[in-house]
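# Got a sequence here, can you build the structure:
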Amino acid sequence: MRWNRPSSSATRRPCTALPFQDRAMNRYRPNEPTSPVPLDLLTLLLRSDEARIAETVSKLSERQRAALAVYCYARAHMRPLGLVVARGCAPGVLEAAGGTLGLAIAEQAESGATFDADPQRPGKKKVTLAKFAA
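Residues are numbered from 1 along each chain as shown. Sure thing, here's the model as predicted:
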């Protein structure tokens, strides 16, 4: 029985990979998405109170606000900023920007509750030192 080997030209595939220079440049590209707004605006928002955040963000388009809300909410240290920004967005736009996460952000921004707060543990007693009765 003879095995038919494919010819060497049949096993060759065109290289669809990036040229070497492009691969070398992409190696240092960050793995996470970039901010939907300029970094100086993001820095200003992080240092502002809620009223100033709402005023500043109102100048952005609704899509940009929704993208900013999803971007901030996805980072734990910017989650409160994401909720403030999300209060100015329609739930449909948040869903378009973040899918299921966008809907969760919309619900949380509307209710004002936080999902990452420590729940109170009922029934757990505080530790006290025993008193010696003589």
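
# Residue 91: neighbour count?
For residue 91, the neighbour count with other CB atoms under 10 Å is 16. No exception for glycine: its C-beta is placed from N, CA and C like everyone else's.

# from what I can see it touches residue 106, true?
Yes: with contact defined as CB atoms under 8 Å, residue 91 and residue 106 form a contacting pair (3.9 Å).

# what is the rounded mean pLDDT of stretch 100-116?
Averaged over stretch 100-116, pLDDT sits at 84.

# list the buried ones in it?
The neighbour-count check on stretch 100-116 (16 or more other CB atoms under 10 Å) flags 102, 104-106, 108-109 as buried.

# for stretch 66-84, same thing?
Quick answer for stretch 66-84 (16+ other CB under 10 Å): 66-73, 78-79, 81-84.

# for those, which one is nearest residue 38?
Using CB to CB, residue 68 comes nearest to residue 38 of the buried residues of stretch 66-84, at 11.0 Å.

# wait, the closest one sits on residue 34?
No: distance between residue 68 and residue 34: 11.8 Å, which falls outside the contact criterion (CB under 8 Å).

# Check what pLDDT residue 71 gets.
Looking at residue 71, its pLDDT stands at 94.

# And the one 5 residues further on, by the same measure?
Confidence at residue 76, expressed as pLDDT, is 90.

# what's the distance between it and residue 67?
Going from residue 76 to residue 67 by CB to CB, to the nearest Å gives 18 Å.

# about what we covered before: keep only those of the buried residues of stretch 100-116 that are in helices.
Judged by DSSP state H, the subset of the buried residues of stretch 100-116 located in helices is 102, 104-106, 108-109.

# Considering these, which is situated nearest to residue 126?
residue 108 (30.9 Å).

# So the closest one is in contact with residue 80, correct?
No: contact criterion CB under 8 Å: residue 108 and residue 80 do not qualify, at 10.9 Å.
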